[in-house]
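Trainee: sharing a model that was predicted from the sequence below.
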Amino acid sequence: MDLAYGPEYDAFRAEVRDFIRDNKDKAPKRFGVARPSEESLAWQRLLIEHGLTARTIPKEYGGYGAEPDILKSRIIAEEFTAAKLPMGLANQGISMLVPTLLELGTEEQKKKWIEPTLKGEVVWCQGYSEPGSGSDLASLQTKATEDGDDFIINGQKIWTSTAHAADMIFCLVRTEPEAKKHEGISYLIFPMTTPGIEVRPLKTMTGHAEFNEVFFTDVRVPQKDIVAGRGQGWYVANATLKHERGMLGDPNQAGTRLKEIIDLMHEETMDGVRLIDHPVYRDRLMQLQARVLAMQFHGLRLLTAASKKEDPGIARLIVKLQGCEINHQLAALAIDALGEIGVLYGDSPHLRAHGSWQHRYMFDLGLIIGGGTAQIQKNIISERGLGMPREPKPAKA
Amino acid sequence: MEFGLSEDQKLLQESIRGTLERVSPLERVRAAADKEETEAADIGKALAELGVYGMLVPEAHGGMGMTLLDAALVAEMLGRYVAPAGFAATAVMAPIAIAGAGSNAQQEAWLPKLASGEAKAGVAIAEAASGARDGAGVTASGGKLNGKSLFALETEAADVIVVADKAGGLHLVKGDAKGLAKVRLTSIDLTRGLNELQFDNVEAEALSSGDAAATLRRMIDAGRVMLAADTLGAGWMMIEKAVAYAGERKQFGRVIGSFQAVKHMCAEMASELEPCRSLVWYAAHAFDTMPDEASLMAAHAKGMTGEVGRFVARTATEVHGGMGFTDLLGLHYWFKRIGLDRQLLGSPERVRHEAAVMQGWAAAD
């Protein structure tokens, strides 16, 4: 047990601080909603050049080319968070497609797509879920039939965030209808401008359209734009989902949110009494503080395991379930501490924090459901973590 | 940066696990509980052979000068095997008290004997840690103690007892001192001893060579971390038993562990309890190396494991169905162990209030 980072890392931290001191004025003020703003793109290029994002992506593909070092990544995150500066872009192209191509793409695919994706110039969306295939993703029905050197795609995707603004999609389609469900899927990448694609915004309970539905009608895609082989899509997607689950339930996000609630409870009053002085609300705050601290230390434990290339086992499997739940409960406490003001939304008078607590409370419920529902997480924890048996398949009628 | 156990610590925990698996199986626990034998001599002897009682005693006094994290690993195993053996008082809180506030003579008189296990120590600090109930409280005057202290730990056969008075002073009292009456308090948990101590002009030596108030604080912090670790170990054993039972018990033609309703109960227990391990480790490490954070982290570790422990204890029992409710299966020893851990040295509500006070968010009582 040693929470000090040691001289090599202290020196690295000093470098990061120097960068922040010299460049903080260049940080973007406007980020862009679906596509990064010009300022964001410039910031992204600067961060890549200094090894502060895309750090371990090889130079030949537009990254910085450093050896993987999870502690350095954490130091960067700590320093940027402390300075309240935006980190490098973390869209689905960067966090999911790039690692997938690095692991499984052809040389040509890597050369063509990784660099512009890292720079934020090419925006991707993910075509996985379908109306009839959510938790049972492998049952997906979007068809790709062979036609000469091309596939012709027909079907529908849902929960496709940023589809309306994306240049490209990485998409799971059924290419081998005769094969078993997991073996008939292929992973294709193609432009969203391809004729026959229609994007319809999907408005959620938050009142915003954070997602889309995407319809494919006779969409023609060259067969060469497959990643890995035909019928390999399920294995490619699992390699990608591993990267997505790592992003959900980040304990440092919960730490930031906890600080905001502590401030809120010091500033807001009820009958002239601060909420922090109200024992019931304060007790809920203390319960959540313990849980947030536990998950932060849990994160340190996983970080240590990763840096030693050890498998932390069940400790890793619980992060999405716990992290998303704690975030949701933090938003709930903020709403409750605000009382009736907590329900205000839109541009109402007396609104606090632009209505973001209600937005987060609702959006977090979406995160509890998305990326593998809480119930699917519990299946994974019990089966892979505790070694419990799988649900037997129902007998065919 | 390394947040994890060292190889030595893993070995330590494995050796305690192996020993307790051998000397504290369920039938031994049951035999001890039937006789209200809360400090089984054979288990204590096996632990003494592993050096457990000298872990926190400084090397200069014949101990090993180890860390509270090391002690937490032992406490976790004692909880896992619901061992009827003294530890938190005699091996942790009492050595901290005597080393922290004792004179050279007091340290010399007690620490080597505690380290070897030749002498046992109890502690009577419940009023300071959890608040006074039923008019409890001890007053010190002219080297004599009067009053009573409830929920004294490991005092049944103690040679010496560390007593906190109402003013926050600490005292050493001989286990057989004149005027001291011990009344056994029977709790749900028959694996650990609780006594009411009644003082009628009992001769006591003040522990006044160091900062007694700060030392009392350290005792409470350390004790809370030990109880949290005890629940961590007992809780994980309950989860493992629930998973094993669900893997064997059949209903409707299949093992109940294949029903999602049952699997999800197990997944929820594991996902609530495993973060407690990270918090317990951090709290113990804070006690060892980060004094500014130690009390807050000990309070949170105690509070959170108390809440999660209650959830695990009832849920694991439910997974066992009717069998979980019987005496036959013995699962209730773990249920009750966790139940006692939760109430001792500050309940979750109490420690959360203290945590708020420590951060300046609530007025001290």
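Mentor: Yep, it's here.
Trainee: for the stretch 151-300 of chain B, what spans make up the strands?
Mentor: Secondary structure of the stretch 151-300 of chain B (DSSP state E, counting those that start in this stretch): strands at B:160-164, B:170-174, B:180-185, B:194-203, B:205-206, B:250-251, B:254-255.
Trainee: now swap in the stretch 201-350 of chain A and tell me
Mentor: Going by DSSP E, counting those that start in this stretch, the stretch 201-350 of chain A shows strands at A:211-222, A:226-227, A:269-270, A:273-274.
Trainee: closest to chain B out of those?
Mentor: Closest to chain B of those, according to CB to the nearest CB: strand A:273-274, at 9.6 Å. Glycine gets a C-beta too; all of them are placed from N, C-alpha and C.
Trainee: could you check how far the residue positioned nearest the centre of chain B is from B:A129?
Mentor: By CA atoms, centre = their mean, chain B has its centre lying nearest to B:L227, at 3.7 Å. For B:L227, the distance to B:A129 equals 10 Å [CB to CB, to the nearest Å].
Trainee: need the overlap of contacts for the two.
Mentor: Shared contacts of B:L227 and B:A129, defined by CB atoms under 8 Å, 6 or more residues apart in numbering or on different chains, are found at B:344-345.
Trainee: returning to that earlier point: of the strands of the stretch 201-350 of chain A, which stretch is the most buried?
Mentor: Highest mean neighbour count among these (mean count of other CB atoms under 10 Å in any protein chain shown): strand A:226-227, with a mean of 24.
Trainee: and it, what's its mean pLDDT?
Mentor: The average pLDDT within strand A:226-227 is 96.
Trainee: list the contacts of it.
Mentor: Identification of contacts with strand A:226-227 by CB under 8 Å, 6+ apart yields A:100-101, A:104-105, A:109, A:170, A:186-189, A:236.
Trainee: swap in stretch A:84-95?
Mentor: Residues from elsewhere that reach stretch A:84-95, judged by CB under 8 Å, 6+ apart: A:20, A:24, A:27-28, A:31, A:36, A:40, A:43-44, A:47-48, A:52-54, A:76-77, A:80, A:117-118, A:120, A:122-126, A:161-162, A:168, A:243-244, A:247.
Trainee: got the residues of the stretch 51-200 of chain A near chain B?
Mentor: The stretch 51-200 of chain A comes close to chain B at residues A:L71, as judged by CB under 8 Å from any CB of the partner chain.
Trainee: which pLDDT value goes with the residue in the stretch 51-200 of chain A positioned nearest to chain B?
Mentor: As assessed by CB to the nearest CB, chain B sits closest to A:L71 within the stretch 51-200 of chain A, at 5.6 Å. As predicted, A:L71 sits at a pLDDT of 86.
Trainee: likewise for A:K320?
Mentor: 93.
Trainee: most residues in a single helix of chain A, which one?
Mentor: The longest helix of chain A (DSSP state H) is helix A:279-307.
Trainee: anything in that one near chain B?
Mentor: Yes: Helix A:279-307 lies within reach of chain B by CB under 8 Å from any CB, at A:279, A:282-283, A:285-287, A:289-291, A:293-295, A:297-298, A:300-301, A:303-305, A:307.
Trainee: and those residues, which of them are buried?
Mentor: A:282-283, A:285-287, A:289-291, A:293-295, A:297-298, A:300-301, A:303-305, A:307 (16 or more other CB atoms under 10 Å in any protein chain shown).
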